[in-house]
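Trainee: For reference, the sequence and a predicted model appear below.
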Amino acid sequence: MKKVLFSIIAGLATCTFFACSNGDYNANPTSNANGSINPMNVLDSAGFNWSGTDAISANIDGNFFNVDSTKTSFTLTSTGTNIITGYISPGRGFRFELNEVYGNNIYPLGLNNYYRSMSYSDSVGGSPITYYSYFGNVGQVQILRNDPQRIIGKFHFQALNMINGSVINVSNGWFNIGKP
């Protein structure tokens, strides 16, 4: 009976080892997955050391995404919220809602932060899937300039889709939007 029990334990241990050691997933919180910023690291001004292209650009899970200025819009609401949108096609792009943000400041994004939030939508199979920063764990936006002519900033965040539970990492984000 002991031999059967030990055989079962050895078999389970072997299966566990091979199931967890396939190299597809790295749970190390200090790793740099997808070449993106580790979302657990809070950045200071020196940490935002990238620039961008066109009106909106970012890396989404390591893949470059870019929106030119002809496909962006800016609105300032009566409550002081800067709304920036940029879509390269219907259902594929960014929406930023940044309430009371001023130049030369860094603001947190992340879990339950509806006051300042960012979202990314991607059309998969014809229907958009949207990922929200306020469901994700962490993120930040650095506002470089916010005056009557332009709003310029850098961002990174982790976002979650509540329908299917998928998570994305958005890094090296940049926006440079003219105001009407």
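Mentor: Cool, got the structure. Every value quoted in this text rests on a predicted model; they were computed, and no experiment measured them.
Trainee: Let me see the ranges of the helices in the protein.
Mentor: 2-20 (DSSP state H).
Trainee: Test my guess that Pro180 contacts Thr72.
Mentor: No. With contact defined as CB atoms under 8 Å, Pro180 does not reach Thr72; the gap is 11.3 Å. C-beta: built from backbone N, CA, C; applies to glycine.
Trainee: who's more crowded, the two?
Mentor: Thr72 (20 against 6; other CB atoms under 10 Å).
Trainee: residues touching that one, list them.
Mentor: Residues in contact with Thr72 (CB atoms under 8 Å, 6 or more residues apart in numbering) are 55-56, 84-86, 177.
Trainee: ditto for Lys71
Mentor: Residues near Lys71 by CB under 8 Å, 6+ apart: 55, 86-88, 93.
Trainee: Need the buried ones from those residues selected in ChimeraX.
Mentor: Filtering the contacts of Lys71 down to the buried ones (16 or more other CB atoms under 10 Å) takes a single ChimeraX command:
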select :55,86,87,93
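Trainee: Tell me which of the contacts of Lys71 fall in strands.
Mentor: 86-88, 93 (DSSP state E).
Trainee: any idea how far the closest residue to Asn137 other than its chain neighbours is from Arg92?
Mentor: Among residues not flanking Asn137 along the chain, Gln158 sits closest, at 5.2 Å (CB to CB, 6 or more residues apart in numbering). To Arg92, Gln158 is 19 Å away according to CB to CB, to the nearest Å.
Trainee: Compare these two (neighbour count), which wins?
Mentor: Between Gln158 and Arg92, counted using other CB under 10 Å, Gln158 has the larger neighbour count: 24 against 17.
Trainee: Check the spacing between the more buried one and Asn169 real quick.
Mentor: 5 Å.
Trainee: now Val101
Mentor: Plainly put, Val101 is 22 Å away from Asn169 if you go by CB to CB.
Trainee: Same check on Ser133?
Mentor: To Asn169, Ser133 is 11 Å away according to CB to CB.
Trainee: and if you look at Gly62?
Mentor: Taken as CB to CB, the span from Gly62 to Asn169 is 8 Å.
Trainee: Please identify which of those two sits among more neighbours.
Mentor: Using other CB under 10 Å as the criterion, Gly62 and Asn169 rank with Asn169 on top: 22 against 12.
Trainee: Report the mean confidence score over stretch 45-59.
Mentor: For stretch 45-59, the mean per-residue pLDDT is 89.
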